[in-house]
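Chemist: any chance you could fold what I've pasted below:
(one chain, ligands or ions: 1)
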Amino acid sequence: PKSHASRVALVTGAASGIGKAIATRLAADGACVIIADLDLEKARDAAAALGSTDVAIGVQANVTSAAEIQAAIDAAVLAFGGLDLVVNNAGLSLSKPLLETTEGDWDLQHNVMAKGSFLVSKASAKVLIEQGMGGDIIYISSKNSVFAGPNNIAYSATKADQAHQVRLLAVELGEHGVKVNGINPDGVVRGSGIFSGGWGAKRAAVYGVSEDELGTYYAKRTILGREVLPENVANAVAVLTGADLSHTTGLHIPVDAGVAAA
Ligand code: NAD
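Modeler: Numbers count the residues shown, from 1 in each chain. Next up, the predicted model:
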């Protein structure tokens, strides 16, 4: 049984963007956080920004590797005495139309997001079940899990896979008190690494705006006219895993300023 007093949260891909904001919010709410990312140096920097190693640690873990995930979970249990909350956030978007999407593109997108989430959820659920104290698993899916994202078949299909993992695991883990919920963000440009390195430029070209204008462009097409920031997604994680939503599982919350409702 775990001995820690506060919650322990594992957030994958938390060295950047949405994951970093989630780790920051959970730590601010009193959780001890394990930041697991491909990039060890960035993971350690992000953890150090949250405080001492009593509060947050950064570890290298490629979510496509069961062994590296297990090592991250073992590090969490060793450092903080257990595990309560897991966020499947690690991801990337290649943003290619069908005829340009290679088998390698398809495999990479599905390995990181569909298989990676499966491996993280499986290894985490084992600990949560053994502890016998319930817990939360969150998937950072996407608006594209439900709606067609333009020129993004591999990304959107793997996000739909994640959405179904939420439903399946909500049913399977419910008897252990483990809640499984998803969040569907859209248009988080500022602070997001997946918009840099090419995707942002491609999206901007599709919409006929400059890359700098992309955040404002996305904001304008929402119902609320607001730009979605990483912190808005982090707030949804806090609510879904907080005491007030103790009876909610298998749900997907849009954090898109209304795009999916329009
Ligand atoms: P980001 O690039 O800023 O962060 C992604 C992080 O995941 C990076 O730190 C990266 O190193 C890490 N990562 C990538 N592959 C990994 C792997 N194999 N193992 C471990 N870590 C890995 O991007 P972001 O916008 O913060 O995206 C976070 C999540 O949110 C992704 O799953 C993305 O699909 C989802 N999402 C983002 C948006 C958006 O508008 N930005 C919209 C919907 C969904």
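
Chemist: the strand or helix carrying residue 218 close to the ligand?
Modeler: The secondary structure element spanning residue 218 is helix 214-220 (assigned by DSSP states H and E). No. Looking at helix 214-220 against the ligand by Cβ under 6 Å from any ligand atom, there are no contacts, and the closest approach is 8.1 Å. Where you see a C-beta, it was placed from the backbone N, CA and C, and this is true even at glycine.

Chemist: buried residues of that helix, list them for me.
Modeler: Of the residues in helix 214-220, those buried under the neighbour-count criterion (16 or more other Cβ atoms under 10 Å) are 214-215, 217-219.

Chemist: around the ligand, pick out the residues from the chain.
Modeler: Remark: the part of the chain in contact with the ligand comprises 12-13, 15-19, 37-39, 61-64, 89-93, 112, 116, 140, 142, 185-188, 192-194, using Cβ under 6 Å from any ligand atom.

Chemist: could you export stretch 164-179 as PDB, CA atoms only?
Modeler: This file holds the C-alpha atoms of stretch 164-179, laid out as PDB (Å, rounded to 0.1, in the frame of the first residue of the first chain):
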ATOM      1  CA  HIS A 164     -12.300   4.200 -27.500                       C
ATOM      2  CA  GLN A 165      -9.700   3.200 -25.000                       C
ATOM      3  CA  VAL A 166     -11.300   5.700 -22.600                       C
ATOM      4  CA  ARG A 167     -14.700   4.000 -23.000                       C
ATOM      5  CA  LEU A 168     -13.300   0.500 -22.800                       C
ATOM      6  CA  LEU A 169     -11.200   1.100 -19.700                       C
ATOM      7  CA  ALA A 170     -13.900   3.100 -18.000                       C
ATOM      8  CA  VAL A 171     -16.000  -0.100 -18.100                       C
ATOM      9  CA  GLU A 172     -13.200  -2.500 -17.300                       C
ATOM     10  CA  LEU A 173     -11.600  -0.600 -14.400                       C
ATOM     11  CA  GLY A 174     -14.800   0.800 -12.800                       C
ATOM     12  CA  GLU A 175     -15.000  -2.100 -10.400                       C
ATOM     13  CA  HIS A 176     -11.600  -1.000  -9.000                       C
ATOM     14  CA  GLY A 177     -12.700   2.600  -8.500                       C
ATOM     15  CA  VAL A 178     -10.500   3.700 -11.300                       C
ATOM     16  CA  LYS A 179     -12.100   6.500 -13.400                       C
END
